[in-house]
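In: Structure for the following, please:
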Amino acid sequence: MGIELPRIQYSGRIREVTFGSKRKVTIGGESCYPFYLFEGGMPNPPRIAMEIYDFTPEDWPEAAMEPFRDVMHDPTLWARKCIEEYGAEIICLQLEGTDPNGMNRPSQEAIEISKAVADSIDVPLIVWGCGDEEKDAETLRGVCEACEGRNLLVGPVLEKNYTRIGAAAIAYRHVVAASTPIDINLAKQLNILLGNLGVPDSQIIMDPTTGGLGYGIEYTYSVMERMRMAALVQQDDMLAFPIVCNLAKEVWKVKEAKISEEEDPKMGDPKERGVAMEAMTAILLLIAGADLLIMRHPEAIKKVKGFIAEMMDKEVERGG
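Out: Next up is the predicted model:
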């Protein structure tokens, strides 16, 4: 006697958002919980962006630097290597060099770098600021103008700067990543504010912010899970947006990803450890509901792509 699995009928649906110009990518559109294809649909599988930086990082562990060491001095070369050698479908330019508490590079320099990278690639581009609301407002507004028509994804957009960046996104036709500090109510509030400003629903993606494995991932998971429940079961339209997770920088900065085998032999091979930590963080976020991941190491990305492919195939078979 066969066993029939119980199936939930979801009343909500996640919006679809498209960004990119020469080549476009669409995320979102789910009518079920992540990979529950026996209950609904995931018309657009989760996507992965490879990150590059606007300067040569000096504090990365060797395992993270090794794949890119020959191109880290030039963001355009770095981006092309990610695409041509590692098959990147999306590039994320991290503008960490603009951080007032760090290198404090001028916004105009970051704008020029962003434009150069955008002109040198044909895959969609994400431009991510340093997280300082004033510096990002200045920088990302300029990036939006300089890259008019390229349909970038720009972020993080915060409650303190959403009017300035949101207005630029409307004027120059870009998608925004609405970023809030791991809180479902704050995320909903910022989405409402962006909508009231005039940013179309098709130009909003949520960034709930995240921690790495062992550093707050369980809290992020819980909040993302509640967002998906609210959108799909409770028909909360203000939370029915795709989710982006900028996870690589969180994973590779922690001591467990940096410590050498000589310093702590029981930790094992540092490259294997770092790759595993990034891949495991990414997979947890996918299960929680992430639509777009920003990752770093090619081997971690390969593992996560394999997971996505396997889950989609298996769930399609079960649904059939």
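
In: any idea which helix or strand comes after the strand ranked longest in the chain?
Out: Determined from DSSP state E, the single longest strand within the chain is strand 47-53. With elements assigned by DSSP states H and E, the helix or strand that comes after strand 47-53 is helix 62-65.

In: quick one: that following helix to chain centroid distance?
Out: Centroid separation for helix 62-65 versus its chain: 21 Å, with CA atoms, centre = their mean, to the nearest Å.

In: From the contact counts, what lies against that helix?
Out: helix 270-288 (3 or more CB pairs under 8 Å, 6 or more residues apart in numbering; DSSP states H and E). The way it works is simple: take the backbone N, C-alpha and C, and place the C-beta from them, glycine included.

In: mind listing the helices for the stretch 151-300 of the chain?
Out: Secondary structure of the stretch 151-300 of the chain (DSSP state H, counting those that start in this stretch): helices at 162-172, 184-197, 217-232, 248-251, 255-258, 270-288, 298-319.

In: Just give the number of residues close to Ser260.
Out: Counted with other CB atoms under 10 Å, the neighbours of Ser260 add up to 11.

In: Enumerate every residue touching it.
Out: Applying CB atoms under 8 Å, 6 or more residues apart in numbering to Ser260 gives the contacts Pro270.

In: State the pLDDT value of it.
Out: For Ser260, the pLDDT comes out at 85.

In: do the same with Tyr215
Out: On the pLDDT scale, Tyr215 is placed at 84.

In: cool, and Gln9?
Out: The pLDDT attached to Gln9 in the predicted structure is 84.

In: what do you get for the one 5 residues further on?
Out: Predicted confidence (pLDDT) for Ile14: 98.

In: same check, this time on Val316
Out: So Val316 comes in at 45 (pLDDT).

In: helices or strands up against the longest strand of the chain?
Out: Looks like strand 47-53 contacts helix 75-84, strand 91-94, strand 292-295, helix 298-319 (3+ CB pairs under 8 Å, 6+ apart).

In: Can you list the helices and strands that the helix or strand just after the second one packs against?
Out: Read that as strand 91-94. Downstream of strand 91-94, the next assigned helix or strand under DSSP H and E is helix 107-120. Applying 3+ CB pairs under 8 Å, 6+ apart, one finds that helix 107-120 makes contact with helix 75-84, strand 91-94, strand 125-128, helix 133-146.

In: Make a markdown table from these and add mean neighbour count, mean pLDDT and distance to Glu159 to it.
Out: Formatted as a markdown table, these follow (neighbours: other CB atoms under 10 Å; pLDDT from 0 to 100; distance: least, CB to CB, whole Å):
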| stretch | mean neighbour count | mean pLDDT | distance to Glu159 |
| --- | --- | --- | --- |
| helix 75-84 | 20 | 98 | 29 |
| strand 91-94 | 26 | 98 | 21 |
| strand 125-128 | 27 | 98 | 17 |
| helix 133-146 | 22 | 98 | 9 |
